[in-house]
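Novice: Pasting a predicted model and its sequence here:
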Amino acid sequence: MNWRLRELQGGSKFLSVLKLNRGFSNLYGEGKGKSTASLGLMLRALGSGLHVYYLRMLKPRWKTGELKLCPNDFHPNLTFKNVPHYWALCVSKTIPEDVETMKEKLKPEIEDLHLQVKSGKYDLIIADEINYCIYRELLSLDKAIKIVDDRPENVELVFTGRHAHQKLIKRADLVTEMKKIKHHFDKGIRARIGIEF
């Protein structure tokens, strides 16, 4: 790899990788920690000077730490997008109007995601909760397969979410499941700001 130090606005120095020589297709599915793992990968990539595109879906109302931090010029190499349309995770999936509206809201975002993948402009592209969107038929499996198949060799692609389809698993270079051994949720402890969201 070709490494160099680069001066950015404000005088910050970042170790910069010019381009990934080889990227892979990754699936993070099942269990707690899928989005957290993808965010950790995002930070690692940014810290190494890579360019990152992060698309977050189905979490419009969640005032998570990353949503507060990332869109506010967090890093010059980051494009962070959140689909802002209302979606109540446990309820909206049963309401036909919510499902149809979310399909319409996701369509242009997925088209843009596909364009960004094909462009090779970004070294790392993350589609958070895309597996679950496919499972709930908010997105086309065929479109997701096309995105994976159109990935240039130097682009690292990450899909997160439960219920990853077997056709995507087959195409992936890396597939991870987060297996719960114990969890404080089972004792009735609710999600905590700064840790679970």
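Specialist: Structure received.
Novice: where do the helices sit along this protein?
Specialist: 34-47, 65-69, 96-119, 130-135, 141-149, 166-171 (DSSP state H).
Novice: ok, residues contacting the fourth one?
Specialist: Identification of contacts with helix 130-135 by C-beta atoms under 8 Å, 6 or more residues apart in numbering yields 27, 29, 55, 57-58, 106, 139-141, 144, 159-165, 168. Backbone N, C-alpha and C define where each C-beta goes, glycine included.
Novice: what mean pLDDT does it have?
Specialist: The average pLDDT within helix 130-135 is 95.
Novice: mind exporting it as PDB, just the C-alpha atoms?
Specialist: Output of helix 130-135 as PDB, limited to C-alpha atoms (Å, rounded to 0.1, in the frame of the first residue of the first chain):
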ATOM      1  CA  ILE A 130     -29.900  -3.300   4.600                       C
ATOM      2  CA  ASN A 131     -30.300  -7.000   5.300                       C
ATOM      3  CA  TYR A 132     -33.400  -6.300   7.500                       C
ATOM      4  CA  CYS A 133     -34.800  -3.900   4.800                       C
ATOM      5  CA  ILE A 134     -34.500  -6.800   2.300                       C
ATOM      6  CA  TYR A 135     -36.100  -9.200   4.700                       C
END
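Novice: how far does that helix sit from the chain's center?
Specialist: Distance, stretch centre to chain centre, for helix 130-135: 12 Å (C-alpha atoms, centre = their mean, to the nearest Å).
Novice: What residues of that helix count as buried?
Specialist: 130-135 (16 or more other C-beta atoms under 10 Å).
Novice: and stretch 106-125, average pLDDT?
Specialist: 96.
Novice: residues touching the closest residue to residue 37 other than its chain neighbours, list them.
Specialist: Nearest residue to residue 37, sequence neighbours excluded (C-beta to C-beta, 6 or more residues apart in numbering): residue 28, at 5.3 Å. Going by C-beta under 8 Å, 6+ apart, residue 28 touches 34, 37-38, 158-161, 176, 178.
Novice: Next: residue 148.
Specialist: Taking C-beta under 8 Å, 6+ apart, we find residue 148 in contact with 25, 157, 159, 168, 171-172.
Novice: Same question for residue 52.
Specialist: 42, 45-46, 75, 77-79, 122-126.
Novice: Swap in 10 Å and give it another go.
Specialist: Shown in contact with residue 52 (C-beta atoms under 10 Å, 6 or more residues apart in numbering): 41-46, 70, 75, 77-80, 122-126, 156.
Novice: Now restrict those to buried residues only.
Specialist: For the contacts of residue 52, buried by 16+ other C-beta under 10 Å: 41-42, 45-46, 70, 75, 77-80, 122-126, 156.
Novice: farthest pair in those residues?
Specialist: Greatest spacing in the buried ones among the contacts of residue 52, by C-beta to C-beta: 70 and 156 (18.1 Å).
Novice: which regions of this protein lie under the pLDDT threshold?
Specialist: 1-19, 60-62, 71-72, 86-92, 193-194, 196-197 (pLDDT under 70).
Novice: What's the end-to-end length of stretch 44-54?
Specialist: 13 Å (C-alpha to C-alpha, to the nearest Å).
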